[in-house]
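**Q** Coordinates only, no sequence provided:
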């Protein structure tokens, strides 16, 4: 397993290089440049701006220049946010997204699995339907509707929590955004868990256990849970990636300084260096999370070897 | 706004206009009888993360809002748009192309050192220097002698027409008469800059703990994409007239999120109400709704090179059937007023023009428009292509226009929603037929709007050109007679607008919510409110 | 639309299952019986059919069109007094007709893009998981890359290079949506691959594609069906993002995603503009979910 992990980490390098190249070309092919604004800058100013950011060089030279500074750990200067380097911007956004997205995914995992088990044990009963009705709220209503509703109830109506903003990891600013992400995630986790739990509960070894007269609680927790978690682990990967790197709506609704909004704004502003820097980061996060998922498979199912 | 205060401001304006050269401090004067709150702290949304706090790199409204609190130029504008003395206590136009500014001796940087004429020379030279790459370099630079050439790299920055005659006297040369110079230098792109600090820290000089500034406020904290905090600058020369102790600026982009923060008490100042909610909030918060027109124009660019639209009759027909009254009162419904000219109400240096058909009944306008289209050989069912960038507001207006052209002229409009940068590119490249457009004045003078319709101007997306009008504008620019200049500019605008190069629609207003305890809010024609002029009323 | 999608899917399941390892029993007939015993699933099927029919025929018989503006009836709340039963939008257009017209687009996009991304995800994931080794590595690194590429740029580039087209919308959404399914399917494939019957098939020399499609894919159906229904809302809402970028439907044509997006902006001032399209979408999604769960339960070979 260690050698597998090592190979996977090594494989990140070509992946990164490929992603950077693809995105580099994408950025330069996309119409509209970083300095196009409602007020068109004069030809002279445009030339000055392009010289400042090395955009006057041939594309391949810019590319090499970028790769070279990347190797030194420098993601370059942001085109849009002139006072900050991309390292600064990414370094400030990542902890926010990691805290909110990561926290949300852990909570979602517990709630989602619990809901799934309850529904599975009461398959096709009223309880099953109700649990799935509640669990699916996050899937059935768009987050840009659900988010403002949370704000209206808990911030403006009950005045329990702030309507948005961020204050150095203060918990009260994190509750509502995390709640929104949890709503979204449990709709997937809960349903996947329900399905897989029903499947496992119907399998031969569980029937044997039941025939032996073991209590349901023991059967579920000791025997059924582990195999039933397999598909849940599969979906956790994509969910964690999107909760951390692509929670654009959540960050917009609650005005959070996270990664998702930075990527969207970066692309909208054609902030080439910022977008590339974030692409590098997202790739690394994706690779790491997917690696963790793959290692978790092996833990849950000893038959899986790499 | 109390009657008392507006009277006093009006009196000040008259005094300023008469005296011209006398300087006196006056800002944030709290009307008699108003009790100030003990906690003088304001939180206002600026709409997005500023691209920079370096005044010469600031381009967007959020960045300019904040730099205007951190820095102060030779002059400043108050909440009513009146030009007030800033670092300069008086100024004089000594020849058609020379201005002399006398600086006050008590103006200080936040580190306690004196603000001198050479700080302005340094700041202005840095502003036009090609290496700085300021986006505004040509916009304002062209009004200073050699500014244009320096930006183009043809002359060194040291040749800029600005000179420190002595420590407290600044002399400015212009390439032609610039009567609005006192209003122009209120922009913080032309503020003094702290050379020692910039040399020491480089690009990092705008960070908290490093920045040295000369405005009423000093930078305290900057959390990217989350908030910027400034506090009263203890070294500021007019400290006794600064009431606010602290201002927090939020970068909230989503209009609904902005209102939610306001309603939950975490924000005192909604930048812009969501489209379609003005009436609701006006009824809900009658004391907090603020809405003043400012120097901004919503218009539709017509591609004058387009095979269909190169015929002036077609352009005229398209313009005259759009019922701006319905657009203003019912569609946008947030207090904006109909526009029929490239110049909007309140602009100095030219009068607003109009069309004779504005007063006609709509039926007659439609009949005339149909006749024009028939003459031009345009048949009902002809297709128009309309490009706009996505926002609820623009979308609503676009659907309105398409509906009007369809129901009144039988023309089919294909609406195309584009990402903003894509639209900008298409507009600048004249790769469109009809496109949404808008403009906010950079300074209060007709030339900022004339740019939209002048021959070969960077800002002219319509690609129209009226040589006769161009000659009049040139003539007006060269004269020092203000009345003559205004008359020539107005005549030129009328001439250009009779070519129907574009479709003026509405003059912008700034419908927003500001807590009733925020005092000092006025009707600034540039929609610029400095923290210096604001205060918190006891509540 | 949804119904035909479900039919197509069940037909596909029918075929693959008939060939599957579990032969000799009429699995499909059993499944059908079990499915129709599930009350929630059957009710959902009926509701979904009604919504689909309303979207298809409603706009033909209603008194208003989806595009006609009315400056004298702008933003009016639903009443029975006039014929605007769902009220009107900010430009005086009848909301009921717009919801139904929008449903046509959303149901169609939802069905097509879901099927496409699910199909691609299954083939990709099952192949990678079964082949393992270098092939798995390469295929999964491509998936990793797809997560990192900013979708905004791809969408803008697509519309710039290829213009606007309904199938391009479906294609673009598919490009954004298939990776989750690929990863989930790969994970399950890894688990199934190590099961005895697959190893047995391998041992007796059954060809790889045959093993994948006869033994692996049928055993993935449970999670595939569930994850398919999870994919639907994302697909429908992505369409509205594409509309903004000029790729999806353009005004005055509309979709549920666009209607909800518009409504969300004025949910305080005129809530009905949000409530009707959001309600229709969520009812549809709930129905899809219950049908999905019902299908899963019905197809589960161990559950009887």
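**A** Looks like it came in fine. As the structure is a prediction and not an experimental result, all values here were calculated from the model.
**Q** Can you tell me, leaving aside adjacent residues, what's nearest to residue 77?
**A** All of this refers to chain A. residue A:85 (5.6 Å; C-beta to C-beta, 6 or more residues apart in numbering or on different chains). (Glycine included, C-beta is placed from N, CA and C.)
**Q** try chain B instead
**A** residue B:186 (5.0 Å).
**Q** ok, now residue B:87?
**A** In space, and not counting its chain neighbours, residue B:87 is closest to residue B:107: 4.7 Å by C-beta to C-beta, 6+ apart.
**Q** how near is that neighbour to residue B:191?
**A** 11 Å (C-beta to C-beta, to the nearest Å).
**Q** hang on, the earlier thing: hmm, the residue nearest to residue A:77 is touching residue A:69, no?
**A** No. Using C-beta atoms under 8 Å, residue A:85 makes no contact with residue A:69, being 10.4 Å away.
**Q** ok, which stretches of chain A are helices?
**A** Secondary structure of chain A (DSSP state H): helices at A:2-29, A:43-52, A:59-71, A:86-121, A:126-135, A:137-140, A:143-150, A:171-201, A:204-211, A:216-218, A:225-245, A:248-254, A:259-269, A:272-300.
**Q** Format the ones you listed as CSV; extra columns: mean pLDDT, mean neighbour count and distance to residue C:279.
**A** Converted to CSV, the helices of chain A look like this (pLDDT from 0 to 100; neighbours: other C-beta atoms under 10 Å in any protein chain shown; distance: least, C-beta to C-beta, whole Å):
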stretch, mean pLDDT, mean neighbour count, distance to residue C:279
helix A:2-29, 87, 15, 38
helix A:43-52, 86, 19, 49
helix A:59-71, 90, 13, 49
helix A:86-121, 94, 20, 24
helix A:126-135, 87, 17, 15
helix A:137-140, 87, 22, 10
helix A:143-150, 90, 22, 11
helix A:171-201, 91, 24, 17
helix A:204-211, 83, 13, 40
helix A:216-218, 83, 10, 38
helix A:225-245, 90, 24, 26
helix A:248-254, 91, 25, 20
helix A:259-269, 91, 25, 27
helix A:272-300, 89, 21, 35
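**Q** tell me, what's touching residue A:85 and residue A:69 both at once?
**A** Contact criterion C-beta atoms under 8 Å, 6 or more residues apart in numbering or on different chains; residues shared by residue A:85 and residue A:69: A:75, A:76.
**Q** Kindly state the pLDDT recorded for residue C:19?
**A** Per-residue pLDDT puts residue C:19 at 46.
**Q** just residue B:24 next, same as before
**A** 42.
**Q** what residue ranges in the stretch 1-150 of chain C score low on pLDDT?
**A** Within the stretch 1-150 of chain C, the ranges that satisfy pLDDT under 70 run C:1-27.
**Q** Contacts only, for the closest residue to chain C within the stretch 151-300 of chain A.
**A** Closest contact between the stretch 151-300 of chain A and chain C, by C-beta to the nearest C-beta, is at residue A:234 (3.4 Å). Contacts for residue A:234 (C-beta under 8 Å, 6+ apart) come out as A:293, C:183, C:184, C:186, C:187, C:188, C:223.
**Q** how far away is it from chain B?
**A** For residue A:234, the distance to chain B equals 33 Å [C-beta to the nearest C-beta, to the nearest Å].
**Q** quick one: contacts for residue 66?
**A** You didn't pick a chain, so chain A it is. A:20, A:24, A:76, A:273, A:276.
**Q** wrong one, chain B
**A** Residues in contact with residue B:66, defined by C-beta under 8 Å, 6+ apart, are B:46, B:50, B:53, B:58, B:228, B:230, B:249.
**Q** Now tabulate those residues in CSV and tack on neighbour count.
**A** Formatted as CSV, the contacts of residue B:66 follow (neighbours: other C-beta atoms under 10 Å in any protein chain shown):
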residue, neighbour count
B:46, 20
B:50, 28
B:53, 24
B:58, 29
B:228, 24
B:230, 26
B:249, 24
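**Q** Look at residue B:224 and report its pLDDT.
**A** 92.
**Q** list the contacts for the most centrally placed residue in chain B?
**A** Nearest to the geometric centre of chain B sits residue B:441, at 3.7 Å (C-alpha atoms, centre = their mean). Contacts for residue B:441 (C-beta under 8 Å, 6+ apart) come out as B:294, B:295, B:296, B:347, B:448, B:449, B:525, B:526.
**Q** same thing but 6 Å
**A** Shown in contact with residue B:441 (C-beta atoms under 6 Å, 6 or more residues apart in numbering or on different chains): B:295, B:448.
**Q** so which residue of the stretch 201-306 of chain A comes closest to chain B?
**A** Counting by C-beta to the nearest C-beta, the stretch 201-306 of chain A gets nearest chain B through residue A:257, at 3.5 Å.
**Q** Surely that residue is in contact with residue B:226?
**A** Yes. If you go by C-beta atoms under 6 Å, residue A:257 and residue B:226 touch, sitting 4.3 Å apart.
**Q** list residues touching both of those two?
**A** Shared contacts of residue A:257 and residue B:226, defined by C-beta under 6 Å, 6+ apart, are found at residue A:166.
**Q** Give the helix, strand or coil label for the closest residue to the residue of the stretch 201-306 of chain A closest to chain B other than its chain neighbours.
**A** Spatial nearest neighbour of residue A:257, excluding adjacent residues (C-beta to C-beta, 6+ apart): residue B:225 at 3.5 Å. Following DSSP: H, G, I helix; E, B strand; the rest coil, the label given to residue B:225 is coil.
**Q** Residue B:225 is in contact with residue B:62, isn't it?
**A** No. Contact criterion C-beta under 6 Å: residue B:225 and residue B:62 do not qualify, at 11.7 Å.
**Q** Could I get the full set of helices for the stretch 1-150 of chain C?
**A** C:2-19, C:27-37, C:39-61, C:95-131, C:133-148 (DSSP state H, counting those that start in this stretch).
**Q** closest one to residue B:425 among these?
**A** helix C:133-148 (25.5 Å; C-beta to C-beta).
**Q** Flag every buried residue along the closest one.
**A** Neighbour-count burial for helix C:133-148, counted by 16 or more other C-beta atoms under 10 Å in any protein chain shown, picks out C:136, C:137, C:139, C:140, C:141, C:143, C:144, C:145, C:146, C:147, C:148.
**Q** what's the angle from it to helix A:259-269?
**A** 70 degrees (axes from the mean of the first three to the mean of the last three C-alpha atoms, to 10 degrees).
**Q** How is whatever residue of the stretch 51-200 of chain B ends up closest to chain C assigned, secondary-structure-wise?
**A** Using C-beta to the nearest C-beta, residue B:51 is the residue of the stretch 51-200 of chain B that sits closest to chain C, at 19.2 Å. Under the three-state scheme (three-state DSSP), residue B:51 adopts coil.
**Q** ok so, going back, looking at the helices of the stretch 1-150 of chain C, which is buried most?
**A** Among the helices of the stretch 1-150 of chain C, helix C:95-131 has the highest mean neighbour count (mean count of other C-beta atoms under 10 Å in any protein chain shown), at a mean of 24.
**Q** what angle do that one and helix C:133-148 make?
**A** 150 degrees.
**Q** my read: residue B:524 touches residue B:84, true?
**A** No. Residue B:524 lies out of contact with residue B:84 (C-beta under 6 Å); the separation is 11.9 Å.
**Q** neighbour-wise, which of those two wins?
**A** Using other C-beta atoms under 10 Å in any protein chain shown as the criterion, residue B:524 and residue B:84 rank with residue B:84 on top: 24 against 20.
**Q** what are the phi and psi angles of the more buried one?
**A** Note on residue B:84: backbone dihedrals following degrees, to the nearest 10 are phi -120, psi 160.
**Q** That one contacts residue B:74, correct?
**A** No. Residue B:84 is not in contact with residue B:74 according to C-beta under 6 Å; the separation is 10.7 Å.
**Q** related to what we said a few turns ago, could I get the contacts of residue B:66 as JSON lines with secondary structure and pLDDT?
**A** Formatted as JSON lines, the contacts of residue B:66 follow (DSSP: H, G, I helix; E, B strand; the rest coil; pLDDT from 0 to 100):
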{"residue": "B:46", "secondary structure": "coil", "pLDDT": "95"}
{"residue": "B:50", "secondary structure": "coil", "pLDDT": "95"}
{"residue": "B:53", "secondary structure": "coil", "pLDDT": "96"}
{"residue": "B:58", "secondary structure": "coil", "pLDDT": "93"}
{"residue": "B:228", "secondary structure": "strand", "pLDDT": "96"}
{"residue": "B:230", "secondary structure": "strand", "pLDDT": "97"}
{"residue": "B:249", "secondary structure": "strand", "pLDDT": "97"}
